[in-house]
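*Asks:* here is the input, now give the coordinates:
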Amino acid sequence: MTTIVKAADAAQFLSLVPRMLGYLPRRSVVVVPMGGARSLGAMRIDLPESSDEVDAGEPAGCDRVADEGATLDCLAATIIGMVCRVTGADGFASVVYTDRCGGTCLPHAALATALRRAADASGLRVVEQLMVGANGWGSYLDPVPRLSSLSDLVTLPSVAGWGRSPGATDAGPATLDPVTGDQTTGSELPRYTSGERRAVDDAHVSLAAALEVLCGIPSGTERGTRVDPAALEAACLLDDLPALFERALRWDPATLTPSSAAVIGWCLARPALRDVAVVQWASDIAGGEIAMEAQRRWEGGEEYPAELAAILWGEGIRPDPDRLLRARELCRHVAALSFDGRRVGALAVCAWLSWALGGSTHAGLYADAALSLDADHGLADIVRSFVATTHLPDWAFRRGGVG
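*Replies:* Residues are numbered from 1 along each chain as shown. So this is what the prediction gives:
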């Protein structure tokens with residue numbers, strides 16, 4: 001069930017994979033589901049540590065075939081299972097990106113073999129299986145493994161650290177704009193000064209004082225503390241949370257006022273309000289209103305609607321990626337503007353939004369950051385478990401899905 005792609009076509013395919021992903025993968029296996037002759041997206045998975053082990057007596061680049069076989073078969077079955085969930089997929093191409101050099105064997109050949117076994121068991125075509133290493137690229141489907149020059153791959157030579165062997169210079173001119181960064185690029189929080197974060201922290205204190213005046217919520221501040229008018233205005237926004245969450249999507253995250261950052265951070269730190277925000281950003285303002293009413297009913301003893309819970313688990317109607325991206329950028333800035341004790345909720349929502357967009361690497365990084373501050377944070381722990389088990393939202397596998 002294997003269809004061989006000619007080397008020239010394979011080189012062109014390898015040049016386009018980073019552009020499909022938007023970054024240059026490192027230590028990864030990338031699987032491209034195929035429907036006929038058309039690609040249906042791309043999925044990146046971390047290379048397993050076990051497949052990187054080599055016996056000292058083996059030629060450089062050969063995989064040790066020992067007890068790791070069962071682990072690789074399990075990983076391959078998971079990957080092929082993900083391909084099978086993609087609407088219209090009847091085959092796949094895979095690319096291993098490794099820091100290792102190829103020699104008489106291509107690195108990670110055991111993983112490629114495991115993928116072929118799993119594909120045969122599932123009735124999927126194996127269109128191509130390629131490897132990009134430190135000193136060349138090749139195909140696992142060639143009867144005799146051979147390395148071709150990285151200069152064939154027009155996106156690689158212009159990326160720092162790739163497309164070069166020690167002492168070598170850049171290859172010839174690229175015909176496509178280079179793709180920079182790897183799968184972790186873009187996960188860093190925006191940079192703010194301690195003074196800017198202090199202003200947001202002061203806005204949190206003022207907001208708490210305003211809520212004590214308006215709602216009687218104990219704030220812990222001294223009686224008689226002056227209430228900032230901006231904090232009173234921000235507190236009034238909480239009267240209509242769906243309107244606030246919808247308006248926040250139109251704010252410029254890079255120019256948030258301290259009171260705006262504080263009121264969103266305050267909401268995201270409270271699970272009930274945070275879940276309303278997540279459901280609304282994954283649907284629309286009507287969804288937020290339904291979620292708000294469902295939350296009130298749940299607190300009164302009624303069951304939480306299954307269709308709303310399904311959204312949090314990645315099921316249901318596919319969200320608008322633009323809404324999710326705007327919401328994530330808002331939460332990234334709110335987290336960056338907050339001191340550690342106040343940023344956990346925003347980090348956890350960043351993790352969920354990244355996961356909902358199909359970005360498990362970023363989701364895992366944000367979830368880990370949240371859990372490093374609060375080891376018992378529920379949403380962050382859920383997202384980390386999603387990432388650890390390679391669980392993606394159902395909508396990621398549908399035609400036109402995000403991610």
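*Asks:* low-confidence ranges, the stretch 101-250 of the chain, go.
*Replies:* Applying pLDDT under 70 to the stretch 101-250 of the chain flags the ranges 154-178, 214-227.
*Asks:* just the strands in it please.
*Replies:* In the stretch 101-250 of the chain, the segments counted as strands under DSSP state E, counting those that start in this stretch are 125-132, 137-139.
*Asks:* one more: the stretch 301-403 of the chain?
*Replies:* Using DSSP E, counting those that start in this stretch, strands in the stretch 301-403 of the chain do not occur.
*Asks:* which residue ranges form the helices in it?
*Replies:* For the stretch 301-403 of the chain, the helices defined by DSSP state H, counting those that start in this stretch cover 306-312, 321-336, 340-356, 360-373, 378-388.
*Asks:* residue 383 reaches residue 360, doesn't it?
*Replies:* No - counting by Cβ atoms under 8 Å, residue 383 stays clear of residue 360, with 9.1 Å between them. No exception for glycine: its C-beta is placed from N, CA and C like everyone else's.
*Asks:* what about those two, which has more around it?
*Replies:* residue 383 (29 against 26; other Cβ atoms under 10 Å).
*Asks:* what's near enough to touch that one?
*Replies:* Residue 383 makes contact with 348, 351, 352, 355, 363, 364, 366, 367, according to Cβ atoms under 8 Å, 6 or more residues apart in numbering.
*Asks:* so what's the residue count around residue 398?
*Replies:* Residue 398, neighbours per other Cβ under 10 Å, totals 14.
*Asks:* actually residue 230, sorry about that
*Replies:* Around residue 230 there are 18 residues (other Cβ under 10 Å).
*Asks:* relative to residue 236, how far out is the residue nearest to it when sequence neighbours are not counted?
*Replies:* Leaving aside its sequence neighbours, residue 230 sits nearest to residue 259 (Cβ to Cβ, 6 or more residues apart in numbering; 4.4 Å). Applying Cβ to Cβ, to the nearest Å, the value for residue 259 to residue 236 is 11 Å.
*Asks:* just want to know which of these two has more residues nearby.
*Replies:* residue 259 (25 against 13).
*Asks:* any idea of the mean pLDDT for the strand or helix carrying the more buried one?
*Replies:* Assigned by DSSP states H and E, residue 259 belongs to helix 258-268. The average of the pLDDT scores along helix 258-268 is 96.
*Asks:* and the next helix or strand past it?
*Replies:* That would be, after helix 258-268 and using DSSP H and E, helix 271-281.
*Asks:* now for that next one, which elements pack on it?
*Replies:* Packed against helix 271-281, as judged by 3 or more Cβ pairs under 8 Å, 6 or more residues apart in numbering; DSSP states H and E, are the following elements: helix 241-248, helix 258-268, helix 285-299, helix 306-312, helix 321-336, helix 340-356, helix 378-388.
*Asks:* between helix 321-336 and it, find me the angle.
*Replies:* 150 degrees (axes from the mean of the first three to the mean of the last three Cα atoms, to 10 degrees).
*Asks:* output helix 271-281 as CSV, nothing but the C-alphas.
*Replies:* The C-alpha coordinates for helix 271-281 follow below in CSV (Å, rounded to 0.1, in the frame of the first residue of the first chain):
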residue,chain,number,x,y,z
PRO,A,271,-13.6,29.3,37.7
ALA,A,272,-17.3,30.1,37.3
LEU,A,273,-16.6,33.3,35.5
ARG,A,274,-13.7,31.9,33.6
ASP,A,275,-15.8,29.1,32.2
VAL,A,276,-18.3,31.6,30.9
ALA,A,277,-15.5,33.5,29.1
VAL,A,278,-14.1,30.3,27.6
VAL,A,279,-17.6,29.1,26.3
GLN,A,280,-18.3,32.6,24.9
TRP,A,281,-15.0,33.0,23.2
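*Asks:* what are the buried residues along it?
*Replies:* 273, 274, 275, 276, 277, 278, 279, 280, 281 (16 or more other Cβ atoms under 10 Å).
*Asks:* now those in TSV, with distance to residue 343?
*Replies:* Formatted as TSV, the buried residues of helix 271-281 follow (distance: Cβ to Cβ, whole Å):
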residue	distance to residue 343
273	16
274	13
275	18
276	20
277	15
278	17
279	22
280	21
281	18
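*Asks:* for those, which one is nearest residue 342?
*Replies:* Closest approach to residue 342 among the buried residues of helix 271-281 (Cβ to Cβ): residue 274, at 13.3 Å.
*Asks:* contacting residues for residue 344?
*Replies:* Taking Cβ under 8 Å, 6+ apart, one finds 269, 370, 373, 374, 377, 380 in contact with residue 344.
*Asks:* which of the contacts of residue 383 are buried? Put it as a ChimeraX command.
*Replies:* Of the contacts of residue 383, the buried ones go into a single ChimeraX selection, burial set by 16+ other Cβ under 10 Å:
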select :348,351,352,355,363,364,366,367
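*Asks:* show the pLDDT at residue 303.
*Replies:* With respect to pLDDT, residue 303 has a value of 90.
*Asks:* measure it to residue 271 for me?
*Replies:* 17 Å.
*Asks:* and the helices in the stretch 1-150 of the chain?
*Replies:* 7-21, 69-85, 109-122.
*Asks:* quick one: mean pLDDT for the second one?
*Replies:* By that I understand helix 69-85. For helix 69-85, the per-residue pLDDT averages 91.
*Asks:* for the residue most central in space within the chain, grab phi and psi.
*Replies:* Taking Cα atoms, centre = their mean, the centroid of the chain lies closest to residue 359, which sits 1.8 Å from it. Residue 359 adopts backbone torsions of phi -100, psi 80, taken as degrees, to the nearest 10.
*Asks:* how many neighbours does residue 209 have?
*Replies:* 23.
*Asks:* repeat for the one 3 residues further on
*Replies:* The local packing count at residue 212 equals 18, with neighbours defined by other Cβ under 10 Å.
*Asks:* so how far is stretch 288-301 off the chain centroid?
*Replies:* Chain-centre distance of stretch 288-301: 29 Å, with Cα atoms, centre = their mean, to the nearest Å.
*Asks:* got the buried residues for it?
*Replies:* 288, 289, 290, 291, 292, 294, 295.
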